[in-house]
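Student: Turn this into a model:
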Amino acid sequence: MVSATTTRTAPVGRRHPTTMLDLITVEGLTSGVANIIMQLSLPPVGVGVNESRVVSGSPRRYPMKRTRTTGTYLAVALLGTEDEKNQLRAEVAQMHKPVVSTPDSPVRYSGNSPDLQLWVAACLFRFYLDQYTILYGDLTTAELDVLVRAGEPLATGVNVRPASWPQTWAEFTQYWEGMQSHLSISAEVKRDFETLSNMEFVLEAWGPLGRPFPLLLGKHYQFMTRANLPPRFRELMGWDWTDRDQRNFDRALARMRVLDRVGGRQLALGLLWSYMIDFRLRRRLGIPVLGTLRVTQIPIRDGGGVRLLARRWWRQVQ
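Tutor: As a prediction, the model looks like this:
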């Protein structure tokens, strides 16, 4: 196959974004797993998730809950008050506390490491930036400088110090490019990514009841995941990108550009606000926003915390 790279579309219907909310488009609804791959391509982050025993926060056990809690984090970072951000920051730190390497781990890691969380936050910034530029074209350096500063809450929400977050696009680019040599994806982590992108991970949570997701949506979502990945990360995954793939993606983008203008963006913003409302309701009722922490002795990848719905399926695949 001939290798190709994802190209940026020409600026069509371009806005002039100054906040993270301005970057939200309908295209972002297709790029969640692509961004997870970017985050977990840093080995301590990827291995930490692969070895995780935190059942309560795993998409392989509770996919709907994981979607909600991730959406809640992003909503509070972009829409919340300082008091709300402080509460969620404390809950996130508590959930990350059990995520630590063992003597047998191939790399050292801690879920609350500021260095690792800085990388995760940088990827989340790219999640917002890329969904806009893929759809509407590149931004000026002046616009990017403003947006980098606007992205700081994505980092401080996971206990990264404000001084550690870049303040200009040049600083962000220097950090991003400097991290590229540290990225790699092991066979085990790659398998995790593949089951996320084709939605087979839902089977681990729901057993046979989850089969419609990979059957009906898996192929398309895996394509969109490949499409949304920058070339460097596709290379790490061993995924090709052909000229035909690019033409198919361009057609999909043309449809999404229309959808974005006729209500798709409002739908994406509404979804974010629904997480914010849910957060405030749970807070008022005294319900833990991220739920009750559950940690098992067996890693999730080895069957830890497998739910009743999926036990027969789990036994069959072992």
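Student: Run through the protein and note the low-pLDDT ranges.
Tutor: Residues of the chain that meet the criterion pLDDT under 70 lie in 1-14, 318.
Student: could you point out the longest helix in it?
Tutor: For the chain, the longest helix by residue count, based on DSSP state H, is helix 114-136.
Student: now for that helix, which elements pack on it?
Tutor: If contacts are counted by 3 or more C-beta pairs under 8 Å, 6 or more residues apart in numbering; DSSP states H and E, helix 114-136 sits against helix 32-40, helix 43-50, helix 141-150, helix 152-156, helix 169-179, helix 219-228, helix 243-259. (C-beta placed from N, C-alpha, C; glycine too.)
Student: Give me whichever of the ones you listed is most buried.
Tutor: Comparing those by mean neighbour count (mean count of other C-beta atoms under 10 Å), helix 32-40 comes out on top with a mean of 23.
Student: elements contacting it?
Tutor: On a contact count with 3+ C-beta pairs under 8 Å, 6+ apart, helix 32-40 meets helix 43-50, helix 114-136, helix 187-197, helix 219-228, helix 231-237.
Student: between the third one and helix 32-40, how big is the angle?
Tutor: In this case it means helix 187-197. Orientation check (axes from the mean of the first three to the mean of the last three C-alpha atoms, to 10 degrees): helix 187-197 against helix 32-40 gives 160 degrees.
Student: ok, now the second one?
Tutor: For helix 114-136 against helix 32-40, the angle between stretch directions is 150 degrees (the same axes, to 10 degrees).
Student: Nearest to Leu88, out of the helices and strands packed on helix 114-136?
Tutor: Set against Leu88 and scored by C-beta to C-beta, these come closest in helix 152-156, at 10.7 Å.
Student: will you turn the helices and strands packed on helix 32-40 into CSV that also has distance to Ala268?
Tutor: Putting the helices and strands packed on helix 32-40 into CSV (distance: least, C-beta to C-beta, whole Å) gives the following:
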stretch, distance to Ala268
helix 43-50, 25
helix 114-136, 9
helix 187-197, 20
helix 219-228, 15
helix 231-237, 23
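Student: closest to Val317 out of those?
Tutor: That would be helix 187-197 among the helices and strands packed on helix 32-40, by C-beta to C-beta, at 11.1 Å.
Student: circling back to that earlier point, now the helices and strands packed on helix 114-136 in a markdown table, with distance to Gln131?
Tutor: Converted to a markdown table, the helices and strands packed on helix 114-136 look like this (distance: least, C-beta to C-beta, whole Å):
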| stretch | distance to Gln131 |
| --- | --- |
| helix 32-40 | 9 |
| helix 43-50 | 21 |
| helix 141-150 | 13 |
| helix 152-156 | 14 |
| helix 169-179 | 17 |
| helix 219-228 | 8 |
| helix 243-259 | 10 |
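Student: hmm, back to that, got the CA coordinates for the longest helix of the chain in CSV?
Tutor: What follows is helix 114-136, C-alpha atoms only, in CSV (Å, rounded to 0.1, in the frame of the first residue of the first chain):
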residue,chain,number,x,y,z
PRO,A,114,2.6,15.7,37.1
ASP,A,115,4.9,14.9,34.2
LEU,A,116,2.5,12.2,32.9
GLN,A,117,-0.5,14.3,33.5
LEU,A,118,1.1,17.1,31.6
TRP,A,119,1.3,14.9,28.5
VAL,A,120,-2.3,13.8,28.9
ALA,A,121,-3.4,17.4,29.1
ALA,A,122,-1.4,18.3,26.0
CYS,A,123,-3.1,15.5,24.1
LEU,A,124,-6.5,16.8,25.4
PHE,A,125,-5.6,20.2,24.0
ARG,A,126,-4.8,18.6,20.7
PHE,A,127,-8.2,16.9,20.9
TYR,A,128,-9.9,20.3,20.7
LEU,A,129,-7.5,21.9,18.4
ASP,A,130,-7.4,19.1,15.9
GLN,A,131,-11.1,18.7,15.6
TYR,A,132,-11.3,22.3,14.5
THR,A,133,-8.4,22.5,12.2
ILE,A,134,-9.2,19.1,10.5
LEU,A,135,-12.6,20.6,9.6
TYR,A,136,-11.8,24.2,9.0
